[in-house]
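Trainee: just need the structure, nothing else, for what follows:
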Amino acid sequence: MLRLMSLALAAALMVLPEAAFAAELDGRSLGLVWALPFAGILLSIALFPLLAPEVWEHHLGKIAALWGLLVLVPMALSEGAMTALHTLAHTAFLEYIPFILLLLALFTVAGGILVRGNIHGSPATNTMLLAIGTVLASFIGTTGASMVMIRPVLRANDDRRHNVHVVVFFIFLVSNIGGSLTPLGDPPLFLGFLRGVDFFWTTRHLLPGTLFVSGLLLALFFVIDSVIYKKEGHFSPDPTPDNPVRIQGGINFVLILVIIGAILMSAMVDLGRFTLLGAEIEVANALRDLIMIAVTLISLALTPKVSRADNGFSWGPIVEVAKLFAGIFITIIPVLAILKAGANGAFAPLVALVTHPDGSANNAAYFWLAGGLSSFLDNAPTYLVFFELAGGDPQALMTKDALTLTAISAGAVFMGANSYIGNAPNFMVYAIAREGGVKMPSFFGYLLWSCAILIPTFVLTTVLFFR
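Mentor: Numbering: from 1, shown residues only. Prediction:
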């Protein structure tokens, strides 16, 4: 069936009249049925790993392709071949490829940083490790920071009888909230950067909320860990003997600076532009993407293979992300077009939900709706949905509507911590912790932790920042 749909798409693109050349979809004419493939792929990501993990593991690429074709084939047939081709090219060249290349570079660089040695996981030490990971997440991404820090944290606490709470708070802080201060930290923020949000706008506007949430959670963790530490009394023999802490793969820290420099260059320098398949591509952005490829290759060449092996590095996660996001970026095309239509589109009830009677934005609703969906669906496409719902104009969203964009950004990043499937690193940390002998809570057990700790924290965040 998948092969037949691919042939149908190819035929549609070749034989439909050239007169159908609209550069983009008109969201006012699209019904809700166009959003079904997008909902389908997000539900597939959320449910397949839980209900049919083996099917998902072996066929996730085919499933993502199927949902994508369910958008592209009808688009080519109903809107015209050139509309489908130009829309696909625009999404691929301006959003998907830059997005995946940044993730690839950060994933490779982070996989080359190895922390060796062992320290003892006292409350103060654990709090310090979580704080370091939280800061690191904004520079090498939540996935990168999680993979660099989780094993040292597990080694530090492998002699303690109760260490589940350490990993749970690790997911809260390092795998999610810590990634909120730069576009490098979490995929939704980089998508915002690709849409025109300034690199340091994110830092300036999310810093107060991030400091409050992370500071409160670190303080709460210290109190909980101190109580548990005191009750444990005597410790089991430490299975990992003391060794001095040392960091290997230092060249990768230099490469992180190269990544940051390349992103800033693409935002500040105008080197001209060229058109490819109807998509206007800035030369500076193309150069940035080539630098990401170069950084990946240099990291692979200069990092000892043994360091990557000891880090448990493999290409599986990034390959999975590339396949899934190819489907997500295609299926979200008509959704974004409908959202651009605002009150004149099929999502008019959603527009009303995030708008006060006087027409102003309901920032608390943006925070909770973006966060609520990000808790169980991928936070990157969720961010895009609400970015467009808020108008989609980066200049307006960075100035007069800055609080709205802050609410969307914070909701998408912070509330990915609410469940194991809210953000990609969550389940990776869960799997590594279980492999290391930690008796991690079930899916619903983790929800009890997040409901007890995160939801009250986010209520306070709403009152302080988004009323």
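Trainee: close enough to count as contact, residue 192 and residue 202?
Mentor: Yes. Counting by CB atoms under 8 Å, residue 192 touches residue 202, with 7.2 Å between them. C-betas here are computed from N, CA, C, even on glycine.
Trainee: what touches both of these two?
Mentor: 183, 409 (CB atoms under 8 Å, 6 or more residues apart in numbering).
Trainee: the most centrally placed residue in the chain: what's its closest spatial neighbour, skipping adjacent residues?
Mentor: Centrality entry for the chain: nearest residue to the mean C-alpha point is residue 187, 3.5 Å, by CA atoms, centre = their mean. The shortest distance from residue 187 to any non-neighbouring residue, by CB to CB, 6 or more residues apart in numbering, is to residue 380 (4.1 Å).
Trainee: residue contacts, the one you found?
Mentor: Here residue 380 is in contact with 99, 187, 188, 191, 325, 328, 412 (criterion: CB under 8 Å, 6+ apart).
Trainee: pick the one among those closest to residue 335.
Mentor: residue 328 (10.3 Å; CB to CB).
Trainee: what are the buried residues along the host helix or strand of the closest one?
Mentor: Using DSSP states H and E, the element containing residue 328 is helix 316-340. Within helix 316-340, the residues scored as buried using 16 or more other CB atoms under 10 Å are 317-318, 320-340.
Trainee: picking that back up, can you give me the mean pLDDT across the helix or strand where the residue nearest to residue 187 lies?
Mentor: Residue 380 belongs to helix 379-389 when elements are defined using DSSP H and E. The average pLDDT within helix 379-389 is 84.
Trainee: between helix 316-340 and that helix, find me the angle.
Mentor: For helix 379-389 against helix 316-340, the angle between stretch directions is 20 degrees (axes from the mean of the first three to the mean of the last three CA atoms, to 10 degrees).
Trainee: next structured bit after helix 379-389?
Mentor: helix 394-398.
Trainee: give the other helices and strands that that next one contacts.
Mentor: When contacts are defined as 3 or more CB pairs under 8 Å, 6 or more residues apart in numbering; DSSP states H and E, helix 394-398 packs onto helix 402-414.
Trainee: redo that, cut-off 10 Å
Mentor: On a contact count with 3 or more CB pairs under 10 Å, 6 or more residues apart in numbering; DSSP states H and E, helix 394-398 meets helix 187-194, helix 199-232, helix 402-414.
Trainee: and which of the contacts of residue 380 is nearest residue 132?
Mentor: residue 187 (22.0 Å).
Trainee: what's the closest one in contact with, if anything?
Mentor: 99-100, 102-103, 141-143, 179, 321, 325, 378-381, 383, 412-413, 416, 423-424 (CB atoms under 10 Å, 6 or more residues apart in numbering).
Trainee: now which of the residues you listed would you call buried?
Mentor: With neighbours counted by 16+ other CB under 10 Å, the contacts of residue 187 contain buried members at 99-100, 102-103, 141-143, 179, 321, 325, 378-381, 383, 412-413, 416, 423-424.
Trainee: pLDDT weak spots in the chain?
Mentor: 1-24, 117-118, 233-245, 377 (pLDDT under 70).
Trainee: so which residues of it form strands?
Mentor: Secondary structure of the chain (DSSP state E): strands located at 114-118, 243-248, 273-276, 279-282.
Trainee: what lies in contact with the last one?
Mentor: Which is strand 279-282. Under CB under 10 Å, 6+ apart, the answer for strand 279-282 is 23, 85-95, 97, 266, 269-275, 288-289.
Trainee: pull out the buried positions in that strand.
Mentor: So strand 279-282, judged by 16+ other CB under 10 Å, has buried residues 279, 281, 282.
Trainee: quick revisit: which among the contacts of residue 380 gets closest to residue 436?
Mentor: residue 187 (26.4 Å).
Trainee: the residue nearest to residue 274 when sequence neighbours are not counted and residue 95, how far apart?
Mentor: Excluding the flanking residues, the one nearest residue 274 by CB to CB, 6+ apart is residue 281, at 5.8 Å. Counting by CB to CB, to the nearest Å, the gap from residue 281 to residue 95 is 11 Å.
Trainee: what's the answer for residue 229, then?
Mentor: From residue 229 to residue 95 the distance is 47 Å (CB to CB).
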